[in-house]
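A.B. asks: What follows is a predicted protein model with its sequence.
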Amino acid sequence: EVQLVESGGGLVQPGGSLRLSCAASGFTFRLNPMSWVRQAPGKGLEWVSSITANGGTTSYADSVKGRFTAPRDNAENTLYLQLNSLKTEDTAMYYCATGWGAGSLGAVRGQGTQVTVSA
């Protein structure tokens, strides 16, 4: 059974940073592209970033490009999301998911971790 467990969310001021983690189990993590998606209050699910199985290629939504990075550690079956220069509009529940790009929006997700950006 695929299990994804996100952690690391919290309350941060605008301009601050957070590092999210996603611990994966129940599937061959190193063979799967992975993504981060988010859902802001009252809005639909939004794709944030994707990384290929070997970590060689990443892709980011325009809204986070240059501020977020999403590396992975295949030895530890863990996906990360480094959030820098946070803005209030980044407030959302963040989920990791299997798959690449728009395909990850309908894929298995974890329970999510809340990121709140507020002064």
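C.D. replies: Great, that's in hand.
A.B. asks: beta partners for the spatially most central residue of the chain?
C.D. replies: The chain has Trp36 as the residue nearest its centroid, 2.9 Å off, counting by Cα atoms, centre = their mean. Note on Trp36: beta-bridge partners by DSSP bridges are Ser49, Cys96.
A.B. asks: Who are the contact partners of it?
C.D. replies: Going by Cβ atoms under 8 Å, 6 or more residues apart in numbering, Trp36 touches 20, 22, 48-50, 70, 79, 81, 94-97. Every C-beta, even on glycine, is put in place using the N, C-alpha and C of the backbone.
A.B. asks: Give me the local confidence score for it.
C.D. replies: If you check Trp36, the pLDDT there is 98.
A.B. asks: hang on, Trp100 packs against Ser49?
C.D. replies: No: in this structure Trp100 lies outside contact range of Ser49 using Cβ atoms under 8 Å: 10.2 Å.
A.B. asks: Which neighbours do those two have in common?
C.D. replies: With contacts taken as Cβ under 8 Å, 6+ apart, the residues that reach both Trp100 and Ser49 are 35, 59.
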